[in-house]
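A.B. asks: Pasting the sequence and the predicted model now:
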Amino acid sequence: MRIEYHRTLIADKPRNEALFAALERVIVKGKSVVADIGAGSGLLGLMASKLGAKDVHLYEASEEVAAVAAAVLKQNRARNCHLYPCRSTDMLDAPQADVIISETLGNYALEENILETLADALDRMLKPGGIVIPSRIQQFACPVTSPRLANEMNAWRDVGHGLDLEPARTMSVNNVYVRTLEPAEFLDHGRAAKMWDDIDLTKPQKGTRKGEITWTLDHDAWIYGFAYWWTAGLGGDLEISTAPDAPRTHWEQLYFPLNEPIPAKATERVLLSLRSRSSEETGTHLAWTAVHSDANGKSISRQAMDLDKGWIS
């Protein structure tokens, strides 16, 4: 176990304050039963306890992390907190909760299987009229017009000595990269960002997602790849966002490369298709396709990338 990762969560004040505010809005002192799924070191469960929850049920799949949480709960004398060192999906006869909170979000929002986890929790744990936090995830993408990250991929081409490492470069561009990007690196300084997926977490959702976005350019631009971020709605106007212009958190944006940059002209179109599949058994699979078309919709080029092609087996 890397305790350093959990320290980054504790140090993430925008995340923690937003989640505390979300719990504060919905917990009824002495009455609300809260389930914290993916409890980590126990911070959110302790918050719920301090806010007056009647009982808090914490689920943590890692036995090592659960041991840390147990020590933390004991240290804080949180007698109304009940810790289960297992996945919530494996819990038989799970206690019923008025509020379910699950901050199981990754740099790619769905990589920690929040859809599968909450679908099970909605079915087996949430009382009628209960509340889920987060209640919504919206996923965004925007063309990247800066060559900075694309140049990293070209290290395979710049090795020199007359050597050709193109097969290795092909694997590199079929990967997704966790990076911090600035608005100036995007098409129209990020104003071109569009939502490609809107997930209602108050209803069971499948782990397969797909969406398309099309941009019609009003000026010439080189497109080197696409940036990704998400926003999680926590109820009312409360949210957590990994957008480049949002308060900085421990999460970053993702960079989806292209094999070759797109030299798009004004009036031409660029379509991005994104597909993902995530589950506890098979992990997260991502694929993205970019199609460059003229003003009449005639295809100029097509590039299909797939994370499964980026692994060394």
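C.D. replies: Ah, there it is.
A.B. asks: now the protein, which segments are flagged as low pLDDT?
C.D. replies: Low-confidence regions of the chain, defined here as pLDDT under 70, cover residues 1, 313.
A.B. asks: repeat that with 80
C.D. replies: Flagging of the chain using pLDDT under 80 yields the residue ranges 1, 312-313.
A.B. asks: what's the residue nearest to Ala11 when sequence neighbours are not counted sitting at in phi/psi?
C.D. replies: In space, not counting the residues next to it along the chain, Ala11 is nearest to His250; the distance is 7.2 Å by C-beta to C-beta, 6 or more residues apart in numbering. From N, CA and C alone the C-beta is placed, and that goes for glycine too. Backbone torsions for His250, taken as degrees, to the nearest 10, come to phi -70, psi -20.
A.B. asks: before we move on, what about Thr104?
C.D. replies: The main-chain torsion angles of Thr104 are listed as degrees, to the nearest 10 and equal phi -110, psi 70.
A.B. asks: residue contacts, it?
C.D. replies: The contact partners of Thr104, taken as C-beta atoms under 8 Å, 6 or more residues apart in numbering, are Ile37, Gly38, Glu112, Asn113, Ile114, Thr117.
A.B. asks: The nearest residue to the third one once chain neighbours are set aside and Gln303, how far apart?
C.D. replies: The shortest distance from Glu112 to any non-neighbouring residue, by C-beta to C-beta, 6+ apart, is to Thr104 (4.1 Å). With distances taken as C-beta to C-beta, to the nearest Å, Thr104 is found 32 Å from Gln303.
A.B. asks: do the same with Val178
C.D. replies: Note on Val178: its distance to Gln303, by C-beta to C-beta, is 21 Å.
A.B. asks: And Leu83, by the same measure?
C.D. replies: For Leu83, the distance to Gln303 - C-beta to C-beta - is 48 Å.
A.B. asks: what does Ser135 give?
C.D. replies: Distance from Ser135 to Gln303, counting by C-beta to C-beta: 35 Å.
A.B. asks: More neighbours: which of those two?
C.D. replies: Neighbour totals were compared for Ser135 and Gln303, and Ser135 leads with 19 against 15 (other C-beta atoms under 10 Å).
A.B. asks: Report the separation between that one and Ala48.
C.D. replies: Distance check for Ser135 against Ala48: by C-beta to C-beta, it reads 17 Å.
A.B. asks: Lys31 too?
C.D. replies: When Lys31 is compared with Ala48 (using C-beta to C-beta), they lie 12 Å apart.
A.B. asks: So the two - more neighbours on which side?
C.D. replies: Neighbours per residue (other C-beta under 10 Å) separate Lys31 from Ala48, with Ala48 holding more: 31 against 10.
A.B. asks: Please look at that one and Val56 and confirm they touch.
C.D. replies: Yes. In this structure, Ala48 is within contact of Val56 by C-beta atoms under 8 Å, at 4.8 Å.
A.B. asks: shared neighbours of those two, anything?
C.D. replies: Where contact means C-beta under 8 Å, 6+ apart, the residues bridging Ala48 and Val56 through contact with each are Val34, Asp36.
A.B. asks: Look up the residues forming beta bridges with Gln303.
C.D. replies: In this structure, Gln303 bridges to Ala290 when assessed by DSSP bridges.
A.B. asks: quick one: contacts for it?
C.D. replies: If a contact means C-beta under 8 Å, 6+ apart, then Gln303 has Leu258, Asn259, Glu260, Thr289, Ala290 as its contacts.
A.B. asks: Flag every buried residue along stretch 263-271.
C.D. replies: Ala264, Glu268, Arg269, Val270, Leu271 (16 or more other C-beta atoms under 10 Å).
A.B. asks: So which of these are in strands?
C.D. replies: Ala264, Arg269, Val270, Leu271 (DSSP state E).
A.B. asks: partners of Leu286 in the sheet?
C.D. replies: In beta-bridge terms (that is, DSSP bridges), Leu286 pairs with Ser276.
A.B. asks: now the contacts of Gln303 in CSV, with neighbour count and distance to Asp12?
C.D. replies: Below are these laid out as CSV (neighbours: other C-beta atoms under 10 Å; distance: C-beta to C-beta, whole Å):
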residue, neighbour count, distance to Asp12
Leu258, 21, 31
Asn259, 16, 35
Glu260, 12, 37
Thr289, 15, 33
Ala290, 22, 32
